[in-house]
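> Return atomic coordinates for the entry below.
(chains A and B)
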Amino acid sequence: MSIAPSALPIGMRGIEKRFGSVAVLRDLNLDVEAGEFLTLLGPSGSGKTTLLMILAGFVRANAGSIRVGGDEIITTPPHKRNIGMVFQNYALFPHMNVFHNIAFPLKQRGVAAAETAERVEKALDLVKLQGLGERRVDQLSGGQRQRVALARAIVFEPRIVLMDEPLSALDKGLREHMQIELRALHRRLGMTTVYVTHDQREAITMSDRIAVMNAGRIEQLDKPETLYARPQTRFVAGFIGESNFIPVECRNGSVWYEDRRIHTAAPTPAAGRHLMVVRPEKLQLLANAEPASGVNVLEAKVSDIIYQGDSFVCYAALRDGRQLTLRDYCRSDVLAKMPAPGQPVSFGLDAQDTILVAAD
Amino acid sequence: MSAQTALMQQKAGRPGPDLNTQALHMDARRESLRLLALLSPSLLLVFAIIIVPIGWLFWLSLFDEAGALSAANYARFFEQASYIKTFITTFKVAFIVTGACVLLGYPLAYMLSQLPRRAASICLIFVILPFWTSVLVRTYAWLVILQRKGLINSWLIDLGVISQPLSLANNFSGVVIGMTHILLPFLVLPLYASMKTIDTDCLRAGMNLGAGPAATFRQIFFPLSLPGLASGVVIVFVLCLGFFVTPALMGGGKVIMWAMRMEQTTSLYSNWGAGAALGVVLLVVTLALLGLFQWLLGARATGVWSSR
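Sure thing, here's the model as predicted:
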């Protein structure tokens, strides 16, 4: 069963939104491909929820264009947009039972009673709530409400589905379970989905592409793996995954950390100050100071080692006092090299994993 | 001997299933006794000012003027037409005033609930302000406005809308106008409070799912505001049944309500038994209505909406 008959692409151009003198969105451009699962990821206040509200039609932008398929919808009232939405608190109608909640969009569209019953049944099936149609909303658990909200948002075969932090009210285990289920449902139905979250792990797990937002702008729009491996700004590197930043300088076409030359796989950026992004799991413990070629060596002094069962974290300070973190699994070959706190240590960082971002 | 030691050891050291049960039980008892002791002054007060007078009222109603035990005070309601007429008038006024309060109050409360916070609190002051003025003052003010040569009649005549003054005061319409004005805040305030608790995301969800503004109001906002409306209606209706000042002053002696009847019976005819019987009937009818209302509302909340 396919609920979305034909997913449509969304094109947003020059979206501006100010609340009073505060600019929430500035000249924002974003293309969502048909059938794509795109996540708007950012800290609170980055404008991601406002953008979603503008897409749904609840908030009026100051300027901009939204095209769905070929149609401009920026001035279309929300009830004529034909966009499904899952709200953060689910926004189920408390005076209706599950059946009537899910039947609501069909009723508005004048669908006949028999067909309504059939489609609601199918939607309930899809979200694994068979037989719960007669339940009152307040008799449902958090996870069940979530599923009802989802069923209600897709039962009328909308062109686009929006989700505003739909899993944030669930506990951790259920949230991870629902992430996988939502992903599977999206694969099955193929509707264009715009998902808002501030949880980077959730975004990475679920999305085809992630737009990282900061201060009303999109900092970077990429696939999760690209975003993690090749962050383009300090903000993205800091927001997605763990990072240590080490200031480096580019001069004469090469990169320098203090008096040590840094090898990079990517072409050397323009001269000036940059930051090297060091991910804890990309660092290796070096037994001797003679590394293979193409591996950058950072010398530090161990300050603490934290054992975490399957892995350990080694905190060390560089000569200039900067903190470096290494994370590795507790394998015997790694444990053999394990230094003690207070000892000097050499960290290796492959040139392939050496990322540079502009120092802001 | 050795068995006893073993038992003692078990009691002293090993945690059994009834470790400290006795002490915990006593502790719980002591706590509830302390709470009861703390509550007792207010319980006594409630007993002295509510239970005792109502019991006394009921007791009084069972004696006739000669002081003999009889049902004459209650029999009178069925025998004398004037009592039945008063009863009907009282309920007629209560229904009409409650209806007028709903018609005026619902749009007002809706507007207040949709206004931005600052504007809403300013408008709310205007709703509450009359509360701080005496009912007597407000009723006389209405008399001035509504009488034959009052503001409204002179304006309408000056404008040429009417040639003869309308009789707005000293009759049924005067009572309804005055009481509606005085009771309106009792409907607006609970209604406003309940409208404020309606989740705006529910309304957004309604629109998102394809319901236009009017359909969203009808299918989502209105049903969700019903509990608040119901509590406002109950308050207004019950207050209407026992209202005295406004109908006494604005009815011009033509509109006799239940409370006025009671006043007449006790202060004019000094018939305390008959007056007490009036009070008991009003209390019983009011409680019965409230019970009916509760039952209807409960049935609606659980039955109608959740059935297909």
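> What number of residues are in the vicinity of the residue in the stretch 1-150 of chain B that chain A sits nearest to?
When scored by C-beta to the nearest C-beta, the stretch 1-150 of chain B has residue B:116 as its residue closest to chain A, at 13.0 Å. Heads up, the C-betas are built off the backbone N, CA and C, glycines and all. Under the neighbour criterion other C-beta atoms under 10 Å in any protein chain shown, residue B:116 is assigned a count of 7.
> pLDDT at the residue nearest the centre of chain B, what is it?
Taking C-alpha atoms, centre = their mean, the centroid of chain B lies closest to residue B:235, which sits 2.2 Å from it. Reading off the confidence values, residue B:235 has pLDDT 90.
> give the contact list for it.
If a contact means C-beta atoms under 8 Å, 6 or more residues apart in numbering or on different chains, then residue B:235 has B:186, B:187, B:190 as its contacts.
> Could you dump the residues you listed into JSON lines with distance to chain A added?
As requested, the contacts of residue B:235 are arranged in JSON lines below (distance: C-beta to the nearest C-beta, whole Å):
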{"residue": "B:186", "distance to chain A": "25"}
{"residue": "B:187", "distance to chain A": "21"}
{"residue": "B:190", "distance to chain A": "18"}
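> Please flag which of those sit within helices.
Using DSSP state H, the members of the contacts of residue B:235 that fall in helices are B:186, B:187, B:190.
> Of those residues, which is the most crowded?
Neighbour counts for those were taken using other C-beta under 10 Å; the highest belongs to residue B:187, with 28 neighbours.
> surely that residue meets residue B:107?
No. Contact status for residue B:187 versus residue B:107: not in contact, 11.6 Å apart, counting by C-beta atoms under 8 Å.
> secondary structure class for residue A:122?
helix (DSSP: H, G, I helix; E, B strand; the rest coil).
> give me the number of residues near it?
Here the number of neighbours of residue A:122 (other C-beta under 10 Å) works out to 14.
> Now the residue of the stretch 1-150 of chain B closest to chain A: phi and psi?
For residue B:116, the backbone dihedrals are phi -60, psi 160 (criterion: degrees, to the nearest 10).
> mind checking how far it is from residue B:199?
For residue B:116, the distance to residue B:199 (C-beta to C-beta, to the nearest Å) stands at 18 Å.
> sec struct for residue 66, please.
Since you didn't name a chain, this refers to chain A. Each residue gets one of three states, and residue A:66 gets strand by three-state DSSP.
> meant chain B, my bad for not saying
coil.
> now swap in residue A:255 and tell me
strand.
> Could you measure from it over to residue A:271?
From residue A:255 over to residue A:271 the distance is 10 Å, taken as C-beta to C-beta.
> Name the residue in these two with the higher neighbour count.
Between residue A:255 and residue A:271, counted using other C-beta under 10 Å, the more crowded position is residue A:255 (20 against 11).
> Return the per-residue confidence for the more buried one.
The per-residue pLDDT reported for residue A:255 equals 87.
> Kindly provide the distance from it to residue B:228.
Taking C-beta to C-beta as the measure, residue A:255 and residue B:228 are separated by 67 Å.
> what ranges do the helices span in the stretch 201-350 of chain A?
All helices of the stretch 201-350 of chain A, identified by DSSP state H, counting those that start in this stretch, fall at A:224-229, A:234-239, A:332-336.
> which stretch among the ones you listed comes nearest residue A:360?
Each of the helices of the stretch 201-350 of chain A was checked against residue A:360 via C-beta to C-beta, and the shortest separation belongs to helix A:234-239, namely 5.8 Å.
> Name the residues that touch the closest one?
Taking contacts as C-beta under 8 Å, 6+ apart, the residues outside helix A:234-239 that touch it are A:41-43, A:200, A:212, A:214, A:219-220, A:227, A:231, A:243, A:245, A:275, A:277, A:355, A:357-360.
> Mark which of those are buried, thanks.
By neighbour count, with 16 or more other C-beta atoms under 10 Å in any protein chain shown, these hold A:41-42, A:200, A:212, A:214, A:219-220, A:227, A:231, A:243, A:245, A:275, A:277, A:355, A:357 as buried.
> Keep only those of those that are in strands.
A:41, A:212, A:214, A:219, A:220, A:245, A:275, A:277, A:355, A:357 (DSSP state E).
> Closest one of those residues to chain B?
Checking those one by one against chain B (C-beta to the nearest C-beta), the nearest turns out to be residue A:41, at 21.8 Å.
> Isn't the closest one up against residue A:212?
Yes. Taking C-beta under 8 Å as the contact criterion, residue A:41 and residue A:212 are neighbours in contact, 5.2 Å apart.
> list residues touching both of those two?
Overlap between the neighbourhoods of residue A:41 and residue A:212 consists of A:239, A:240, taking contacts as C-beta under 8 Å, 6+ apart.
> buried stuff in stretch B:115-131?
Burial within stretch B:115-131, assessed by neighbour count using 16+ other C-beta under 10 Å, is assigned to B:120, B:124, B:127.
> tell me which element the first one falls in.
Using DSSP states H and E, residue B:120 maps to helix B:117-128.
> Just the CA trace of that helix, in CSV.
Listed in CSV are the C-alpha atoms of helix B:117-128, where the atom choice follows Å, rounded to 0.1, in the frame of the first residue of the first chain:
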residue,chain,number,x,y,z
ARG,B,117,-2.0,39.1,26.5
ARG,B,118,-1.7,42.8,27.3
ALA,B,119,-4.9,43.8,25.5
ALA,B,120,-6.7,40.8,27.0
SER,B,121,-5.8,41.8,30.6
ILE,B,122,-6.9,45.4,30.0
CYS,B,123,-10.3,44.2,28.6
LEU,B,124,-10.6,41.8,31.4
ILE,B,125,-10.4,44.7,33.9
PHE,B,126,-13.5,46.1,32.3
VAL,B,127,-15.3,42.8,32.8
ILE,B,128,-14.3,42.6,36.4
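> That one packs against which elements?
Here helix B:117-128 is seen to pack against helix B:81-114, helix B:172-196 when contacts are counted using 3 or more C-beta pairs under 8 Å, 6 or more residues apart in numbering or on different chains; DSSP states H and E.
> Alright, calling it a day.
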